[in-house]
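Q: Structure for the following, please:
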Amino acid sequence: MARRGQRAARSAATAFECIAAVFLAATMLLTAADVALRTISEEWRIYGVVEFVELTFACSVFLALPALFLLRQNILVNVIDGYVRL
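A: Below is the predicted model of the structure:
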């Protein structure tokens, strides 16, 4: 019974991670497309791209959080650990 619950949690976490990855990819593609189009001509810019990027990034974060909770993991950001010895 416990294994079935663990498998269901892992499947749900994988689904959340995949959807979050799609939103993160959309964030990167929208940003890259807007920058590329602006370098060609200011008239070719994508209007409202900042709002779309904010929305897709928020979706990616809030969809990745349930996966973290289901897998009982933590968010870890190592910014200065590689530079500082303790």
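Q: The residue nearest to residue 75 when sequence neighbours are not counted: neighbour count?
A: The shortest distance from residue 75 to any residue other than its chain neighbours is 6.5 Å, reached at residue 68 (Cβ to Cβ, 6 or more residues apart in numbering). Where you see a C-beta, it was placed from the backbone N, CA and C, and this is true even at glycine. When counting by other Cβ atoms under 10 Å, one arrives at 14 neighbours for residue 68.
Q: Wait, residue 68 touches residue 74, no?
A: Yes. Look at residue 68 against residue 74 with Cβ atoms under 8 Å: they come within range, at 7.2 Å.
Q: Contact partners for residue 59?
A: Residues counted as contacts of residue 59 (Cβ atoms under 8 Å, 6 or more residues apart in numbering) are 20, 23.
Q: Read off the pLDDT value for it.
A: Turning to residue 59, the model gives it a pLDDT of 92.
Q: ok, now the one 10 residues further on?
A: pLDDT for residue 69: 84.
Q: now do residue 20
A: So residue 20 comes in at 90 (pLDDT).
Q: ditto for the one 3 residues further on
A: At residue 23, the pLDDT value in this model is 93.
Q: Without its sequence neighbours, what residue ends up closest to it?
A: residue 60 (3.9 Å).
Q: what's the answer for residue 33, then?
A: Distances taken as Cβ to Cβ, 6+ apart place residue 46 nearest to residue 33, at 6.5 Å, with adjacent residues excluded.
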